[in-house]
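Chemist: Just the structure for this:
(4 chains)
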Number of protein chains: 4
Amino acid sequence: MKKIPVAVLGATGAVGQRFVQLLADHPWFDVVAVTGSERTVGRAYGEGVNWVIPGDPPPGIAELTVQATEPNLDAPVVFSALPTQDARELEPVFAGAGYAVITNASAHRMVDDVPLLIPEINPDHTALICRQQEARGWSGFIVASPNCSTTSIVLPMKVFQDTFGLHAAVITTMQAISGAGYPGVPSMAILDNVIPHIGGEDEKLENEPRKLLGRVVDHEIVLADLQLSAQANRVPVMDGHLASVSVKLDDPATPQQAVEVLETWEPPAICAELPSSPQRPLIYRHEEDRPQPRLDRDSEAGLAWTVGKVRRCNVLDLRYLAITHNTLRGAASGSVLNAELLVVQGLLKG
Amino acid sequence: MKKIPVAVLGATGAVGQRFVQLLADHPWFDVVAVTGSERTVGRAYGEGVNWVIPGDPPPGIAELTVQATEPNLDAPVVFSALPTQDARELEPVFAGAGYAVITNASAHRMVDDVPLLIPEINPDHTALICRQQEARGWSGFIVASPNCSTTSIVLPMKVFQDTFGLHAAVITTMQAISGAGYPGVPSMAILDNVIPHIGGEDEKLENEPRKLLGRVVDHEIVLADLQLSAQANRVPVMDGHLASVSVKLDDPATPQQAVEVLETWEPPAICAELPSSPQRPLIYRHEEDRPQPRLDRDSEAGLAWTVGKVRRCNVLDLRYLAITHNTLRGAASGSVLNAELLVVQGLLKG
Amino acid sequence: MKKIPVAVLGATGAVGQRFVQLLADHPWFDVVAVTGSERTVGRAYGEGVNWVIPGDPPPGIAELTVQATEPNLDAPVVFSALPTQDARELEPVFAGAGYAVITNASAHRMVDDVPLLIPEINPDHTALICRQQEARGWSGFIVASPNCSTTSIVLPMKVFQDTFGLHAAVITTMQAISGAGYPGVPSMAILDNVIPHIGGEDEKLENEPRKLLGRVVDHEIVLADLQLSAQANRVPVMDGHLASVSVKLDDPATPQQAVEVLETWEPPAICAELPSSPQRPLIYRHEEDRPQPRLDRDSEAGLAWTVGKVRRCNVLDLRYLAITHNTLRGAASGSVLNAELLVVQGLLKG
Amino acid sequence: MKKIPVAVLGATGAVGQRFVQLLADHPWFDVVAVTGSERTVGRAYGEGVNWVIPGDPPPGIAELTVQATEPNLDAPVVFSALPTQDARELEPVFAGAGYAVITNASAHRMVDDVPLLIPEINPDHTALICRQQEARGWSGFIVASPNCSTTSIVLPMKVFQDTFGLHAAVITTMQAISGAGYPGVPSMAILDNVIPHIGGEDEKLENEPRKLLGRVVDHEIVLADLQLSAQANRVPVMDGHLASVSVKLDDPATPQQAVEVLETWEPPAICAELPSSPQRPLIYRHEEDRPQPRLDRDSEAGLAWTVGKVRRCNVLDLRYLAITHNTLRGAASGSVLNAELLVVQGLLKG
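Modeler: Numbers count the residues shown, from 1 in each chain, chains lettered A, B, ... in the order given. As a prediction, this is how the structure comes out:
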């Protein structure tokens, strides 16, 4: 198969760097363009970028000239790591100009006709794309990934929803500093501290799962009927969002039953066709002190959900812990998986 | 007033050091004896102790010779910072020998006739002491402080219980490493990490508040009728336990009403007579990103509860955050306050 | 004595906040004005400031209206916590307008006729002030504090210089993040890391001690004849700059002799008249693992130098460690002490 | 080639775990036995070990039964991660019983006839082995790796020694907590802190390089004539020892010349035959803020030395920074490379 040429929008930021790193040796995609801020436009990517993750800019991409974020890129597919405000303005422009926009930005996540997508959860939600194109007269389209904190909690919810029915969840997260990008959280603010506030994150945690766990009926999204309450906290951890969740189920389930459905859960069959798909997307750990960000975030190349400590909740039904790598599963890798899904579904072409 | 001679049991550990530091210049108490592990017995306290908190051992106490933990100390009152197992064995021996044992250990906290005490919450629970002495034939007695994580959550619960009635709470804590003592948590385990397990802590959080918020009727404790669900986590923070709490009330209350009762709450009148009593035991912060361990733990010399972010919980009724300094309010200072309360109540004498 | 009205320039930054905190209850000074960035001008200080240090803005000062940094302040003395570039432009304007400028900024530190001052080291360097005023036609003047890393190393150097003669020093520092101000160092850059570069700091460490340890002859500064080599590193520590120093002496000295001169050193007599002067400006610790930032930075209200591990250097003569609190001794408190010195010397008047 | 059966002594500790992880898929070695403490003997390795590094115990080895550390293992080669005291007693017993002991322990490093070995530095030092066997009547032998802090500084020294002659070095290290093993450094001791003391480390840094950079003449070691002065510090970093070094050369060299010899240095030819050998053992970085532990420790699978900031030292001749991964290059991987070297030299057989 000839590789599909792709571009990375906002390639100089922290998430953009992850995109570049992940796509450097991708079997299906070939990065042919990168865009960046005014400061970096016209410079070689390897020179302009302030590379903040381990390793170095990949040689091939380092030599690309950073371009302005305008819809004249020689690639039909763009991965967007744009800041929210830029994403709100520019992503529709790209979609209107015929680009497939695979975005990690929050700007259009909750828009009705934009699929909010995780291949293991709701691969059928891409059915919204034709409605989106029709309604807006676009030849391209936008597909979004959820917020990294949403991602961390949503797969166990999906499993419980499918088996027992899910009614409500009380969520408290402990989120990594890389979730705020670079420079992001000042060290004086977070060293020896917890910051119990991440702008807009509680709302995302309370809304996005309802869309991810909703159904697409007649090309329209029907949100899941779920009550969600969230408190997002920033902790001095580099990568990995840990969530403590209590859930109310429709049908009673014992912790043993819940663990069993988690351990026997299988992703939708289409996931097996995606080259970046993890072997074990859901790992259940039986140790009493797991999952932990440092020990579990890198499982399956940062693409696994690691779940543990399922037990009785004295107030709702069950409580448990879940973790994912926020800049991989929860951001760049998640979007790459979405793009792979679209290829398999015949919605992305070179 | 002549000062009351007191001893510190387990004075060489981390909590013991806090006791020593707090009692060094106390207006009512005079440390005349310290006990420690076999390794340190017979040495000057200042030599034997591996001082792990800022500052130096206070001069007067540094010169005391460390004694074995045996009931031959020349002080009618002992503050116990003993490890759990030692406390379980030795505290009854001391109480039987006529000592007033003011303990921070967990061993006897949930024993029916041992008051689990916080002056701002349940000063009347000392009424259990006479029953304790009678039942066991002791001339002395044991009074316990709650676990440091329990302390952090319980005052706002008390305020809501008194005003609106309290039915249930879902709790997730983010606790400081000093709560594990010294050497405690290995640095390799907690740097760049969260450990979602503290042995026995979930159970303490689910049980101790029921006793603290219970009533003493006819010299017997009646536990509060409360459903509690807890997940305790260790975070890389030196001091200060932060808790994220969702509560179900008996009577509905808006966030505004809840904030108002917190801001107008007054401690029991007897607290004004305790020399270590903070001016403002309960501080409500209106900033969206408070309370924070590093910024709020030292308020009122580490004796305040700082509460913030009271808001609607989409699942239960309200959610909020609370923090206290775990080795001060939640340990040594809390026990000193308990001793002061006993003096004012006429139960401790020199 | 009537208090001298003073202003704090750049009062909303991290060092400015320390000035405000320290001066709130000063026996000789009364903060009557604060200046800040455009964003905050016109707002109450307590509203405009993003307070990043523990505690709250002091009530009296919190109510002051933030003013622009212009020489129309109703106070003859200004403490400057301005950013370098602003300091370079504005401090001469204030000095020219008759203000006594007590600055913590680097802009004029190495200017010949500006005293670079630490009361314990070179109180006589204020003799440069008259030359400064004469040469520039100023009615006011500028007096500077050294860089916080310079401060941490310079007192033991002074003691050795006076006793044994000092020829050279090889310096490696481990500096706290608060030295970079707020927001300063991004948490992603420093968590689980060391950054071996602080812009301009190596040069400051190699130059400023030569001025501090120099002599004023006929109202002119003669730099000390010293070879200095420095490597400044940022470590994930909140406060406290630790330095590892090897020195070459003119006259040989054993470690024992060096410790003895450190332990018997006395500050210049005039220091006893300064209200903020620490009781023990130089603390020598004999433990093999001291000084440590967390345990020693707050000694003497953050105004002490703590020194330890003096021993033979196999290459030069001696090596040792020294630490000071970078935002107190090394910044705000150091400048306050300088102002107190000027009062005692009759150079500052209300 | 049939794989050589090997055992890991002390396999349950932190360094032992790294050995197990590295050897799990080694092309030349096959782990057939593991030994551990009394607590774990008789249990499956995967059950007995408290795995503290990311990932899980490798399946094949996890099923081995932990044995006592006695010379009845069915493997001619043993990798030793024993604690110092055990190593001192047991390694000679194994060597006497015919085992080739590849050790990471410090016990025999400075013993005259034990090669202290790094393949890139002194592969010819294995010539000491025959003398060792002769003098002691051993059929086996001991080969040691240097301390992890020594490793971090020694390659640039070697390069300078070979080119310019090396006379002296003043060293200050900033070392990771994993160097102390598990549980190792208490978190309360190191969070928000630097500990300027690591037991015995200054001496190791001042002695071991003299052996590594020495010559073997007539099967005897001649130490290098070098003056070394060291201060080892522990910093809150997980992995990666950073060293700040000033050197005195025999022949003057400019920073440019020094950088050039570093960039053009090539390892001994035999290194190309070792399967674990890094492609680029020495990486020079030109950025002003590199090397950094978090960004550079994992270069070349943790086997590279990363060097930077070579510049003039105002006191000696040059100063620079160097970093290596302390538990990989500086411990387990270093010993594996040593074993590979012995295979190529015909000194290890299956």
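
Chemist: Now do the strands in the stretch 1-150 of chain A.
Modeler: Secondary structure of the stretch 1-150 of chain A, counting by DSSP state E, counting those that start in this stretch: strands at A:4-9, A:29-35, A:66-67, A:77-80, A:100-103, A:141-144.

Chemist: between the ones you listed, which one is nearest to A:Gly60?
Modeler: Set against A:Gly60 and scored by CB to CB, the strands of the stretch 1-150 of chain A come closest in strand A:29-35, at 7.6 Å. Placement of C-beta: from N, CA and C, glycine included.

Chemist: Parallel or antiparallel, list what pairs with the closest one.
Modeler: strand A:4-9 (parallel), strand A:66-67 (parallel) (DSSP bridges).

Chemist: Figure out how far that strand is from the centre of its chain.
Modeler: On the basis of CA atoms, centre = their mean, to the nearest Å, strand A:29-35 sits 20 Å off its chain's mean C-alpha point.

Chemist: contacts for it?
Modeler: For strand A:29-35, the surrounding residues in contact (CB atoms under 8 Å, 6 or more residues apart in numbering or on different chains) are A:3-12, A:16, A:20, A:23-24, A:41, A:45, A:60-61, A:64, A:66-70, A:73-75, A:77, A:336, A:339.

Chemist: any idea of the mean pLDDT in that strand?
Modeler: The average pLDDT within strand A:29-35 is 98.

Chemist: Beta-bridge partners for the closest residue to A:Arg290 other than its chain neighbours, please?
Modeler: With sequence-adjacent residues excluded and distances taken as CB to CB, 6 or more residues apart in numbering or on different chains, A:Arg290 is closest to A:Gly308, at 4.7 Å. On the basis of DSSP bridges, A:Gly308 is bridged to A:Arg285, A:Leu321.

Chemist: roughly how far apart are A:Gly308 and C:Arg290?
Modeler: In this view, A:Gly308 and C:Arg290 are 41 Å apart by CB to CB, to the nearest Å.

Chemist: out of those two, which sits in the busier spot?
Modeler: Remark: of A:Gly308 and C:Arg290, A:Gly308 carries more neighbours, 24 against 20, as counted by other CB atoms under 10 Å in any protein chain shown.

Chemist: For the lengthiest helix in chain A, buried residues please.
Modeler: Longest helix in chain A by number of residues (criterion: DSSP state H): helix A:148-164. Buried residues in helix A:148-164, defined by neighbour count with 16 or more other CB atoms under 10 Å in any protein chain shown: A:148-161, A:163-164.

Chemist: same thing with stretch A:121-138?
Modeler: Here stretch A:121-138 shows A:121-123, A:125-129, A:131-132, A:138 as buried, counting by 16+ other CB under 10 Å.

Chemist: what's the closest non-adjacent residue to the residue located most distally from the centre of chain A?
Modeler: Relative to the centre of chain A, and counting by CA atoms, centre = their mean, the farthest-placed residue is A:Asn314 at 31.5 Å. Excluding its sequence neighbours, the residue lying closest to A:Asn314 (CB to CB, 6+ apart) is B:Ser229, at 4.2 Å.

Chemist: Can you tell me the element that neighbour falls in?
Modeler: strand B:227-234 (DSSP states H and E).

Chemist: just checking, next helix/strand downstream of that strand?
Modeler: Next along from strand B:227-234, by DSSP H and E: strand B:241-249.

Chemist: Given that following strand, what are its sheet partners and their directions?
Modeler: When DSSP bridges is applied, strand B:241-249 pairs with strand B:166-175 (antiparallel), strand B:318-324 (antiparallel).

Chemist: Report the mean confidence score over that strand.
Modeler: 98.

Chemist: how far does the next helix or strand after that strand sit from the chain's center?
Modeler: Downstream of strand B:241-249, the first helix or strand assigned by DSSP H and E is helix B:255-264. Chain-centre distance of helix B:255-264: 25 Å, with CA atoms, centre = their mean.

Chemist: Run through who's touching helix B:255-264.
Modeler: Taking CB under 8 Å, 6+ apart as the rule, helix B:255-264 contacts B:156, B:159-160, B:163-164, B:253, B:282, B:284, B:307, B:310-312, B:318, B:320.

Chemist: could you give me the average pLDDT of stretch A:212-222?
Modeler: In this model, stretch A:212-222 carries a mean pLDDT of 97.

Chemist: Quick one: end-to-end distance for that stretch.
Modeler: One end of stretch A:212-222 to the other measures 10 Å (CA to CA, to the nearest Å).

Chemist: How far off centre is that stretch?
Modeler: 19 Å.

Chemist: and if you look at stretch A:213-224?
Modeler: Distance, centroid of stretch A:213-224 to centroid of chain: 19 Å (CA atoms, centre = their mean).

Chemist: First-to-last residue distance for that stretch?
Modeler: End-to-end for stretch A:213-224, by CA to CA: 6 Å.

Chemist: Buried residues in that stretch, which are they?
Modeler: A:213-214, A:216, A:221, A:224.

Chemist: What of stretch A:304-319?
Modeler: A:304-311, A:313-319.

Chemist: from these, which single one is nearest C:Lys248?
Modeler: A:Thr306 (55.7 Å).

Chemist: Wait, a helix at the closest one?
Modeler: No. A:Thr306 sits outside any helix when classified using DSSP: H, G, I helix; E, B strand; the rest coil, being strand.

Chemist: Chain C contacts on the stretch 151-300 of chain A?
Modeler: A:177-178, A:182-192, A:236-238 (CB under 8 Å from any CB of the partner chain).

Chemist: Now flag whichever of those residues is closest to chain D.
Modeler: Taking CB to the nearest CB as the measure, chain D lies nearest A:Asp192 of these, at 4.8 Å.

Chemist: what's the distance between that closest one and chain B?
Modeler: The spacing between A:Asp192 and chain B, counted by CB to the nearest CB, to the nearest Å, is 5 Å.

Chemist: So what touches stretch A:53-65?
Modeler: Counting by CB under 8 Å, 6+ apart, A:14, A:17-18, A:20-21, A:23-25, A:31-34, A:42-46, A:49, A:51, D:294-295, D:298 sit against stretch A:53-65.

Chemist: tell me which residues of that stretch are tucked away?
Modeler: A:53, A:57-58, A:61-62, A:64.

Chemist: and the residue nearest to A:Val343 when sequence neighbours are not counted, how many neighbours?
Modeler: Distance criterion CB to CB, 6+ apart; nearest residue to A:Val343, sequence neighbours excluded, is A:Trp28 at 6.1 Å. Using other CB under 10 Å, A:Trp28 has 20 neighbouring residues.

Chemist: before we move on, the earlier item: contacting residues around the residue nearest to A:Asn314?
Modeler: Applying CB under 8 Å, 6+ apart, the residues contacting B:Ser229 are A:246, A:313-316, A:319, B:168-171, B:206.

Chemist: can we see that at 6 Å?
Modeler: A:313-315, B:170 (CB atoms under 6 Å, 6 or more residues apart in numbering or on different chains).

Chemist: same deal with A:Val237?
Modeler: Neighbours of A:Val237 in contact, by CB under 6 Å, 6+ apart: A:176, A:293, B:192.

Chemist: same thing but at 8 Å, please
Modeler: So A:Val237 contacts A:174-177, A:293-294, B:192-194, B:236, C:191 (CB under 8 Å, 6+ apart).

Chemist: ok, now A:Arg234?
Modeler: A:175, A:177, A:179-180, A:185, A:190, A:194-198.

Chemist: Swap in 7 Å and give it another go.
Modeler: A:175, A:177, A:185, A:190, A:194-195, A:198 (CB atoms under 7 Å, 6 or more residues apart in numbering or on different chains).

Chemist: No further questions, thank you.
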